[in-house]
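# Build me a structure from this.
(2 chains)
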2 protein chains.
Amino acid sequence: MIELKAKLINIPVGKRLVLLHKEDAKKNGVLLHDRVKISYKKDITTAFVDITDTFLQPGEIGIFKELREELGIKEGNLISVTPAKIPESVNFIRKKMKGKPLMKNEIYDIICDIVEHNLSELEIAAFLMAEDFYGMSIDEVEYLTQAMVAAGTTIDFECRCYDKHSIGGIPGNKVSLLIVPIIAAAGLLIPKVSSRAITSPSGTADTMEVLAGVEFTASELKEMALKVGGAIVWGGKLGIAPADDLMIHVEYPLSLDPLGQMIASIMAKKLAVGADCIVIDIPVGAGAKVETEEDARKLAQNFVDLGDRVNVQVQCGITYGGQPVGHTVGPALEAREALLALNGKGPASLIEKSTALAGMLLEMGGVAPRDQGKEAAKELLFSGKALKKMREIIEAQGGNPNIKPEEIPIGQHHMEIRAPCDGFVTNVDNTAITAIARTAGAPIEKGAGVALRWKSGYKVKKNDVLLEIYAERESKLTEAYDVALKTRPVTIEGMLLYTVPKY
Amino acid sequence: MIELKAKLINIPVGKRLVLLHKEDAKKNGVLLHDRVKISYKKDITTAFVDITDTFLQPGEIGIFKELREELGIKEGNLISVTPAKIPESVNFIRKKMKGKPLMKNEIYDIICDIVEHNLSELEIAAFLMAEDFYGMSIDEVEYLTQAMVAAGTTIDFECRCYDKHSIGGIPGNKVSLLIVPIIAAAGLLIPKVSSRAITSPSGTADTMEVLAGVEFTASELKEMALKVGGAIVWGGKLGIAPADDLMIHVEYPLSLDPLGQMIASIMAKKLAVGADCIVIDIPVGAGAKVETEEDARKLAQNFVDLGDRVNVQVQCGITYGGQPVGHTVGPALEAREALLALNGKGPASLIEKSTALAGMLLEMGGVAPRDQGKEAAKELLFSGKALKKMREIIEAQGGNPNIKPEEIPIGQHHMEIRAPCDGFVTNVDNTAITAIARTAGAPIEKGAGVALRWKSGYKVKKNDVLLEIYAERESKLTEAYDVALKTRPVTIEGMLLYTVPKY
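As a prediction, the model looks like this:
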């Protein structure tokens, strides 16, 4: 045990971190990344160690923001420091790293320590990589799911709840903005918790935010959803399954997405809001998360099996994901298209997909006979009942219920990409469309995005506009246009896309 | 591109790091852990991104120490920031994460980017875990070795060089302090580059440092070694194979030690100092790095095969590693024992092991006939020639050449652990001995350590002293004693060890 004088470093570092002088660290056998026990007055906590030989004098300890706030440490306070044991959960991670399956209590320990910031990003990464490499048994996925639910907020709507989730990866997938009002219009409760985009041009929450607020607490969500029968909110403020957000910080830079973890994370968020019946949309196609139908079928079976174990009825819809859904990509453009579709004027692909998935929920809820869910969903859509319900949802979430599609502002800067020759559109590339829309500013700049005039199978003439790029800033538009020239967003009869005028 | 005002943060963080305000990051589509291109005046470099919403105002950029020094940025300077592409090497790491073998240029890229601090710790960890999970082919290990050599300093002694390396894991393994002077006394050049302990009670460099300086530059090493025919220095100041040190920072907290990486790291350090003939000591036993003879044989074959590919003659010695080598553990105690052995008075296990390994080198060097190397080594030891050479080496490295073993100061606080009953010593536990010695203060406090009175196979009587713990500080001694009571450092006829007086 040593006593060191606190030197406050008011920088947030996302974890409990202290800075030790090299000599103090050496003397106490403490190495970089080790943990130490920090005591100040009556409080004791564990912190990670960073080491310096310049910023501090020996005898000083640098206290970063999180720890200062937690313990109320002031400049010059004496802090006791002792080497700390590593948490038991690190040994469980090492066990998984050796390929051994984990027990229920071991998985609970890991998830609990992630949420309590007791594990470093390196340790979380090691856990996720081990999950990815060795896979997770259905037992492990079940424990993971339940552990993630237990380590966060849960909401009890006190009645039967319906929900839907898309695996993601397909730009333009604004189906939730149709499905939620259709289901709610049928009298089934659907409090849809959605995410913001991480690597896509717009998450459901980003798109909904164009029309109404999406950041609510758990009790606000409960009140709104019970009032109008549905909601579309962002999950980030609810505190449900918080381990997932912490793991995403590590998954993202490594492009890591272990299958078992993905399934558990999705199901945990659904269980946390008390869903009883869930439809899961698994798009299949090049550039989608799942590229073959065989993988999609396996994944679907995993969801169904897990649902059985956790007493939730799950149905998966394997959907066509070879190109964007509908014709628009980016928050404002997608919100426009969704409203148009609720007005009965949307593109066929969007309406087909939305009503098919909504139909599955209607059948599960017993409000449509078997095999007639899709027709029932279409009836709710084309009768205007879904639009009316959407207006109620928008109003409940603080938006303008009477907004017309054309009133939604989109990026004022735009450019067109035209067909270099006559021919058929043979491919619209998900990855390229995503890159163009994000470069244009989506999802942060709501008006940025891409509008497709034609999709696969259509015949186009030379000089026909193939797609338009929208941006809020001229510089972003230029950058996005460059990306469009370098990638191949739309293929015509196997020809590379050129621009008019040629460059 | 945005321009932000520099706010200097004088903390070393071990990498090029900038802090961005959440809003600036959002607007530019930059996420936590992303890279940005930083330009200031004519300099452009890549930095990693940390994100805050409290420490900075929007429009400011926090510049940590490393980047400030590299670019000479001053408070308030305008810095241009643009999102940066991830280095190509990250894609190669992802390739390995999918189980695909890497090509030569891919491995070179990864190692080069590690050394140039272009990869984050998460990315380095991902690479090491992928190496560990999927293994490395002999081709990959060869590329890795050569890439590590190429990415650092190399020393050319301009004559035939001999070297030895122990895989490690066995406390008390001070054999290099005997082998180096034996080989040098035979007229063969042996510039031994050694490491400090990371998790063991004393590395060869820690032990040698009791007798002489060990921190030298490459040109100092060359001069000293050529003068007296041998040297024992620490590798950390030489700049050879620097990738290894950076990887160890990540391996240590995860207890990760991928086989291919271990082999490549060892061989790279040997190649960097131009070794032509190398003996590798692979101790086998409980608590050693290699626990079975079968694993040891496979590992040995890997070293020999790699040697063939990189034009180095390698011989491996598989040695008994079931208990500590000799009777002492900890820098000063080990230095004493090594000097005693050079005086012909050391314990049999130490002399047997040292002369056997030295003999292999003598045979490789053609100064002893086949199968007579060990005898030749013993002759060099017992004739006092090795001791004379060791005095020259100590003097060349700035130590006192005439130091006597008993003049080496050891910890003034000590305690004994006695036998609770009559019986045979059936086990001396490497892991427990290591824990006791480190808790007592080794390797930082040179006088701390453990002296074993008896080892496996000896008959002891009740109340005989089994081991002594030495420490430089009373508090450390007490802690080490506690560890000795909780572990089972010495087993007598399968009985748990008790202390006298009983507690």
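# Please report how far the closest residue to residue A:67 other than its chain neighbours lies from chain B.
Leaving aside its chain neighbours, residue A:67 sits nearest to residue A:16 (4.7 Å; criterion: C-beta to C-beta, 6 or more residues apart in numbering or on different chains). Every C-beta, even on glycine, is put in place using the N, C-alpha and C of the backbone. Computed as C-beta to the nearest C-beta, to the nearest Å, the residue A:16 to chain B distance reads 15 Å.
# Around chain B, pick out the residues from the stretch 51-200 of chain A.
Contact residues (C-beta under 8 Å from any C-beta of the partner chain) of the stretch 51-200 of chain A with chain B: A:52, A:54-55, A:62, A:65, A:94, A:97, A:120-123, A:125-126, A:129-130, A:132-133, A:198.
# Going through those residues, which ones are buried?
A:52, A:55, A:62, A:65, A:94, A:97, A:120-123, A:125-126, A:129-130, A:132-133 (16 or more other C-beta atoms under 10 Å in any protein chain shown).
# tell me the secondary structure for the residue in the stretch 401-503 of chain A that chain B sits nearest to?
As assessed by C-beta to the nearest C-beta, chain B sits closest to residue A:444 within the stretch 401-503 of chain A, at 5.1 Å. Under the three-state scheme (DSSP: H, G, I helix; E, B strand; the rest coil), residue A:444 adopts coil.
# and if you look at residue A:110?
Recorded secondary structure, residue A:110: helix (three-state DSSP).
# Wait, it touches residue A:93, no?
Yes. Assessed by C-beta atoms under 8 Å, residue A:110 is found in contact with residue A:93 at 6.4 Å.
# Overlap of the contact sets of those two?
Counting by C-beta atoms under 8 Å, 6 or more residues apart in numbering or on different chains, the contacts common to residue A:110 and residue A:93 are A:119, A:127.
# middle-most residue in chain A, spatially?
With distances taken as C-alpha atoms, centre = their mean, the residue of chain A nearest its centroid is residue A:195 (4.2 Å).
# Spatially nearest residue to that one (excluding sequence neighbours)?
residue A:203 (4.9 Å).
# Would you quantify the distance from that neighbour to residue A:448?
Look at residue A:203 and residue A:448: by C-beta to C-beta, to the nearest Å, they are 14 Å apart.
# Tell me which of the two has more neighbours.
Using other C-beta atoms under 10 Å in any protein chain shown as the criterion, residue A:203 and residue A:448 rank with residue A:448 on top: 33 against 23.
# Surely that one is in contact with residue A:441?
Yes. When contacts are counted by C-beta under 8 Å, residue A:448 is listed as touching residue A:441 (3.4 Å).
# Next, show the common contact partners of those two.
Counting by C-beta under 8 Å, 6+ apart, the residues touching both residue A:448 and residue A:441 are A:411, A:471-472, A:476, A:480.
# The residue nearest to residue A:67: what's it in contact with?
Residue A:16 sits next to A:38, A:45-48, A:64, A:66-67, A:70, A:117 when contact means C-beta under 8 Å, 6+ apart.
# let's go with 7 Å and repeat that
A:45-48, A:66-67, A:70, A:117 (C-beta atoms under 7 Å, 6 or more residues apart in numbering or on different chains).
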